[in-house]
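A.B. asks: Sequence isn't available, so here's the structure alone:
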């Protein structure tokens with residue numbers, strides 16, 4: 001399969017498996033990522049997703065042969081946009097596990113995820129300007145929300161690649177790990193998320209995204225709404241009871 005999926009506890013792992021084309025996004029990759037996100041969203045027992053690629057490349061971005069053949073539209077899905085993810089509305093967190101280059105659309109896939117784990121062999125960049133293209137998959141507004149504006153502008157105008165250490169230093173990468181270790185490090189990060197109440201995690205994620213770039217009043221309103229939703233969940237009482245009883249909570253995700 002072009003995108004392989006597997007379940008590890010409450011975590012769904014989706015792997016782009018097109019190494020012969022540097023995991024470039026074609027129609028099958030876009031459809032496969034969308035199907036993986038559908039599975040993550042529809043299964044109440046899945047709380048966190050991990051998206052990775054078969055090493056040594058995370059993804060080289062769009063399949064330029066398909067673009068040259070006039071099939072650019074097939075690299076997107078109706079709900080998900082490019083690669084089935086860049087415009088996808090979802091409720092559950094997704095971690096990008098990056099070993100090797102994630103360039104052009106590969107960086108835009110990473111930016112569509114909530115957290116990023118990268119090995120020291122990873123690199124990022126939006127080199128579209130070098131090919132008389134524009135990074136139209138979200139990078140031009142998501143990147144300056146993740147790293148300093150002037151650096152995001154440099155990435156966009158030069159198209160030059162950036163190494164993982166620099167991306168980590170400037171805030172794009174959450175966890176930097178040794179070569180070949182991105183997926184294992186992403187599993188550990190997913191476990192740190194999945195140990196928490198799923199409804200509270202989802203509401204916290206949504207509140208933070210909704211409040212980004214808005215005034216404090218909107219932030220307060222969204223935070224209050226998130227708390228109300230968490231308190232209305234079945235897991236709310238379990239969290240308090242487990243704390244009082246000094247035992248690990250048993251979440252239901254509801």
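C.D. replies: Sure, I can see it. Keep in mind that this is a model prediction, so the values were computed, not measured.
A.B. asks: Residue 207 contacts residue 225, correct?
C.D. replies: Yes - between residue 207 and residue 225 there is a contact at 7.1 Å, judged by CB atoms under 8 Å. To be clear about C-beta, it is placed using only N, CA and C from the backbone, and glycine gets the same treatment.
A.B. asks: These two: which has the busier surroundings?
C.D. replies: Neighbour count, other CB atoms under 10 Å: between residue 207 and residue 225, residue 207 has more, with 20 against 14.
A.B. asks: The one helix or strand residue 66 maps to - contacts with which helices or strands?
C.D. replies: Per DSSP states H and E: residue 66 is located in helix 64-68. Here helix 64-68 touches no other helix or strand, going by 3 or more CB pairs under 8 Å, 6 or more residues apart in numbering; DSSP states H and E.
A.B. asks: Give the next helix or strand downstream of it.
C.D. replies: strand 76-77.
A.B. asks: So what are the sheet partners of that following strand and their directions?
C.D. replies: strand 81-82 (antiparallel) (DSSP bridges).
A.B. asks: Return the distance of the strand it pairs with from the chain's centre.
C.D. replies: Distance, stretch centre to chain centre, for strand 81-82: 14 Å (CA atoms, centre = their mean, to the nearest Å).
A.B. asks: And the next helix or strand past it?
C.D. replies: Next along from strand 81-82, by DSSP H and E: strand 94-98.
A.B. asks: Report the distance from that following strand to the chain centre.
C.D. replies: Relative to its parent chain, strand 94-98 has a centroid offset of 5 Å by CA atoms, centre = their mean.
A.B. asks: Point out the other helices and strands that it packs with.
C.D. replies: strand 48-53, helix 105-112, strand 115-119, helix 182-194.
A.B. asks: Can you say which of those is packed in most?
C.D. replies: helix 105-112 (a mean of 28; mean count of other CB atoms under 10 Å).
A.B. asks: buried residues in stretch 34-54?
C.D. replies: For stretch 34-54, the neighbour count (16 or more other CB atoms under 10 Å) marks 34-37, 40-41, 46-54 as buried.
A.B. asks: And for stretch 5-12?
C.D. replies: Of all the residues in stretch 5-12, those buried under the rule 16+ other CB under 10 Å are 5, 10-12.
A.B. asks: For it, which outside residues touch it?
C.D. replies: 13-15, 35-36, 39-40, 43, 45-50, 187, 190-191, 194, 198, 253 (CB atoms under 8 Å, 6 or more residues apart in numbering).
A.B. asks: and the residue nearest in space to the middle of the chain, what does it touch?
C.D. replies: Taking CA atoms, centre = their mean as the criterion, residue 113 is the residue nearest the geometric centre of the chain, at 1.5 Å. By CB under 8 Å, 6+ apart, the contact set of residue 113 is 51, 85, 94-96.
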